[in-house]
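Chemist: A predicted structure for the sequence below; I have some questions about it.
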Amino acid sequence: MKKKFAVLFLMLALAISAIGGTVAFAQVSLEECDKCFQATISGLVDGEDVDGGRIAAERKPVYDIDLQQLGYVYEFEISSGNGYAIIICDDGNYVAQEMVTKTPSPYVDVADGELCVYVNSLMYLKYFDGAFYDLATLEEISAENIALLRENAIIYKASEGLDYDTVSVTVNFKNRDVDAKSLSKRIPRYTSPGGLESACAAVAGCNLIGFYDRYYEHLIPNHTAGFESYGYYLYNLADAYVDNVTRELYYKMDGSAAGITESNFIKGMQNYCAEKGLTCDFNQLLSSGKLNYDAVKQSILDNKPVVLMLSTYNICSFSGFDSYDVMDYQLSKGNHMMAGFGYSHLTYTLNNGAKQTYKFIEVATGFARMSEAYFNIDYSTNINSAYKVYIH
């Protein structure tokens, strides 16, 4: 949680000018995209990177392969070089799908009157005069190949008909004590590459493997796990090689529309790691049917992530202030699996002198709409199983 507060209180002025693009076809909030960009870049750059405490950025609308607006690409410059961020709207939620600080935007040369089209990680197109073009080669893409690309494309989804409820909780306090630890400043937060039904277990497994790819670089071939920045480690976003691992895990776990069982999840992870010459150990974190939160905390302190197997669950984002915190929950039914990479144990002294405690696990949710969040172990959830995961 300390990491989140630091992001919220970091004062960076954001000067943005709109250039290029066409009127949006879908209801994407410019204000929400701007807020997501500012929050994300505040967590990634140090004050020394920013001249005078300001970041100047140009933004262009980004569209999906059906030419519905997904969000915006933000092109900016800091002392370490040019960078870009792609902020998208998914189910009414806003997420930084990509954030790169030392590489120019793939859309930098897209001209006025041309549309920036985002297919998925490392798949950038433009649309002009009735045709799609690959930005890497500038070659026109046939209708047949567009249909193939669509199978793994991120498609805009409006916020109607959501399969979750939202609840906002405000805690007013005199004092807030925070016991928190995260395994990295930016955790692995991979999502489904598309084309896989009920793939949350494979995505959770890939996030766990991605964490250990930092130490065993052959776990995800051809992929760089992350990088050091000002003494912090930041995991890279998913690329085609990460997506390939998710697909491989899905098949090793006997994935189907019915989902993936606990035993098949464990078997698939162990088989994948064995093929890489490594062992994947699972240590149960439930005691008498209840999650042992102290054991979760110790696992994180031991630099070992966890995995959670849930039926009904919550994911939570925070807004922290001097005298109150706002916890925005998304509450979902059904089964789900998430990888955990940190904890935040909050103890509030309320204005009436009473104490209130919240126990959270920092998770990679597997959802594009909010790929990194917190899971409240005591709120609107059933924890069926949980493991400490050690690959070595």
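Modeler: Great, that's in hand. Numbers count the residues shown, from 1 in each chain.
Chemist: okay, now Ala111: neighbour count?
Modeler: Look at Ala111: counted by other CB atoms under 10 Å, it has 8 neighbours. In this view, the C-beta of every residue, glycine as well, is placed from N, C-alpha and C.
Chemist: for this structure, what are the low-confidence residue spans?
Modeler: The model of the chain has pLDDT under 70 over residues 1-27, 43-54, 80, 91-92, 158-163.
Chemist: partner strands of the strand with the most length in it, parallel or antiparallel?
Modeler: Longest strand in the chain by number of residues, with DSSP state E as the criterion: strand 324-350. Strand pairing for strand 324-350, determined by DSSP bridges: strand 164-182 (antiparallel), strand 306-320 (antiparallel), strand 355-364 (antiparallel).
Chemist: and Asn244, that's in a strand?
Modeler: No: counting by DSSP: H, G, I helix; E, B strand; the rest coil, Asn244 is located in no strand; its state is helix.
Chemist: Can you report how many residues lie near it?
Modeler: Other residues within reach of Asn244, judged by other CB under 10 Å, total 16.
Chemist: I'd like to know how many residues surround Gly194.
Modeler: For Gly194, the tally of surrounding residues (other CB under 10 Å) stands at 17.
Chemist: so how far is Asp34 from it?
Modeler: 27 Å (CB to CB, to the nearest Å).
Chemist: Same question for Phe341.
Modeler: Between Phe341 and Asp34 the distance is 27 Å, computed by CB to CB.
Chemist: Same check on Thr103?
Modeler: Distance of Thr103 to Asp34, computed by CB to CB: 22 Å.
Chemist: quick one, which of these two is more surrounded?
Modeler: More crowded of Thr103 and Asp34, by other CB under 10 Å: Asp34, with 18 against 11.
Chemist: if we can go back for a sec, identify whichever of the strands paired with strand 324-350 lies nearest to Ile383.
Modeler: With CB to CB as the criterion, Ile383 lies closest to strand 306-320 of those, at 5.9 Å.
Chemist: My guess is Phe128 contacts Gly113. True?
Modeler: Yes: in this structure, Phe128 is within contact of Gly113 by CB atoms under 8 Å, at 7.0 Å.
Chemist: Neighbour count: these two, which is higher?
Modeler: The neighbour count for Phe128 versus Gly113, taken as other CB under 10 Å, is higher for Phe128 (14 against 10).
Chemist: now the more buried one, nearest residue through space, not along the chain?
Modeler: Excluding the flanking residues, the one nearest Phe128 by CB to CB, 6 or more residues apart in numbering is Glu114, at 4.4 Å.
Chemist: Which phi and psi values does the one you found adopt?
Modeler: Per-residue torsions, Glu114: phi -100, psi 150 (degrees, to the nearest 10).
Chemist: What is the burial count for it?
Modeler: Using other CB under 10 Å, Glu114 has 18 neighbouring residues.
Chemist: And it, how close does it get to Lys35?
Modeler: Glu114 is 27 Å from Lys35, by CB to CB.
Chemist: In the longest strand of the chain, which residues are buried?
Modeler: Residues 325, 327-332, 335-346, 348 are the ones in strand 324-350 that count as buried (16 or more other CB atoms under 10 Å).
Chemist: Likewise for stretch 79-96?
Modeler: Neighbour counts over stretch 79-96 (16+ other CB under 10 Å) mark 83-96 as buried.
Chemist: go on, stretch 151-160?
Modeler: Residues Asn152, Ala153, Ile154, Tyr156, Lys157 are the ones in stretch 151-160 that count as buried (16+ other CB under 10 Å).
Chemist: Next: stretch 218-233.
Modeler: For stretch 218-233, by 16+ other CB under 10 Å, it's Leu219, Ile220, His223, Ala225, Gly226, Ser229, Tyr232.
Chemist: Can I get the residues you listed in a markdown table including secondary structure?
Modeler: As requested, the buried residues of stretch 218-233 are arranged in a markdown table below (three-state DSSP):
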| residue | secondary structure |
| --- | --- |
| Leu219 | coil |
| Ile220 | coil |
| His223 | coil |
| Ala225 | coil |
| Gly226 | strand |
| Ser229 | strand |
| Tyr232 | strand |
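Chemist: where exactly do the helices run in the chain?
Modeler: Along the chain, the stretches classed as helices by DSSP state H are 2-9, 30-42, 143-150, 200-212, 240-252, 262-275, 293-301.
Chemist: Of the ones you listed, which stretch is the most buried?
Modeler: Ranked by mean neighbour count, the helices of the chain are led by helix 200-212 with a mean of 28 (mean count of other CB atoms under 10 Å).
Chemist: excluding its backbone neighbours, what's nearest Thr191?
Modeler: Counting by CB to CB, 6+ apart, Ala368 is the residue found nearest to Thr191 once chain neighbours are left out, at 4.9 Å.
Chemist: and the gap between the one you found and Asp90?
Modeler: Following CB to CB, the distance that separates Ala368 from Asp90 is 4 Å.
Chemist: what residues are shared contacts of those two?
Modeler: Common neighbours of Ala368 and Asp90 are listed as Ile154 (criterion: CB atoms under 8 Å, 6 or more residues apart in numbering).
Chemist: Walking through the stretch 1-150 of the chain, point out its strands one by one.
Modeler: For the stretch 1-150 of the chain, the strands defined by DSSP state E, counting those that start in this stretch cover 13-18, 54-63, 69-78, 81-90, 93-100, 115-120, 123-128, 131-134, 140-141.
Chemist: which of those strands is buried the deepest?
Modeler: Among those, strand 69-78 has the highest mean neighbour count (mean count of other CB under 10 Å), at a mean of 24.
Chemist: Give me the helices and strands touching it, please.
Modeler: helix 30-42, strand 54-63, strand 81-90, strand 115-120 (3 or more CB pairs under 8 Å, 6 or more residues apart in numbering; DSSP states H and E).
Chemist: So what are the sheet partners of it and their directions?
Modeler: Strand 69-78 has the following sheet partners, assigned by DSSP bridges: strand 54-63 (antiparallel), strand 81-90 (antiparallel).
Chemist: Cool, thanks, talk later.
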